[in-house]
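> based on what follows, work out the 3D shape:
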Amino acid sequence: MSHVDLMAGPPPTLLPVDPASAELGSGQPPTGVVRRHPASPAAWAALADQARREDADEVTVYAYARVGYHRSLDLLRRTGWKGHGPFPWEHEPNRGFLRCLATLALSARAIGETDEWERCSAFLRESSPAAYDALLR
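Reported below is the predicted structural model:
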């Protein structure tokens, strides 16, 4: 008879390899990568990061991060995610989602969307303390 730990939380979510990551890693511009991989969290995260580096309006950064966050949720649901549980920062394919979530939090705070800043930063802290430390501290 096997024992089931009823107090254990859900297992960590490990997203599949993002096909855009190789292109981004080879230096392809994020705009072109988003066009080729519009469902890619990594591509949207890179586009939001680029916009921030180029001093784009924070609303633009927010919009890119929000698209990446929603594309991430689509991917998460397809992989069986039930709405909670850990996303290890150490698992490279999770980083696109986690970066979108962090950038969404930061840009929400920058445009005065305090409730969203609090929700997104809490979600990041609860789902990946390592990502929270790397991206929001």
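
> dump the residue contacts of A108.
62, 114, 116-117, 120 (Cβ atoms under 8 Å, 6 or more residues apart in numbering). The C-beta positions use only the backbone N, C-alpha and C, and glycine is treated the same way.

> most surrounded residue in those residues?
Greatest neighbour count in the contacts of A108, by other Cβ atoms under 10 Å, goes to C120: 25 neighbours.

> and the furthest pair within the contacts of A108?
Farthest-apart pair in these is Y62 and T114; separation 13.4 Å (Cβ to Cβ).

> not counting sequence-adjacent ones, nearest residue to the most centrally placed residue in the chain?
Closest residue to the average C-alpha location of the chain: F97 at 2.0 Å, with Cα atoms, centre = their mean. Computed as Cβ to Cβ, 6 or more residues apart in numbering, the closest residue to F97 that is not its neighbour in sequence is S72, at 3.9 Å.

> so the one you found is in which element?
Using DSSP states H and E, S72 falls within helix 58-78.

> sorry, back to before: helix or strand: which one has the residue nearest to the centre of the chain?
Using DSSP H and E, F97 falls in helix 95-110.

> show me what the next helix or strand after that helix is packed up against.
Using DSSP H and E, the helix or strand that follows helix 95-110 in sequence is helix 114-127. Using 3 or more Cβ pairs under 8 Å, 6 or more residues apart in numbering; DSSP states H and E, the elements in contact with helix 114-127 are helix 95-110, helix 129-136.
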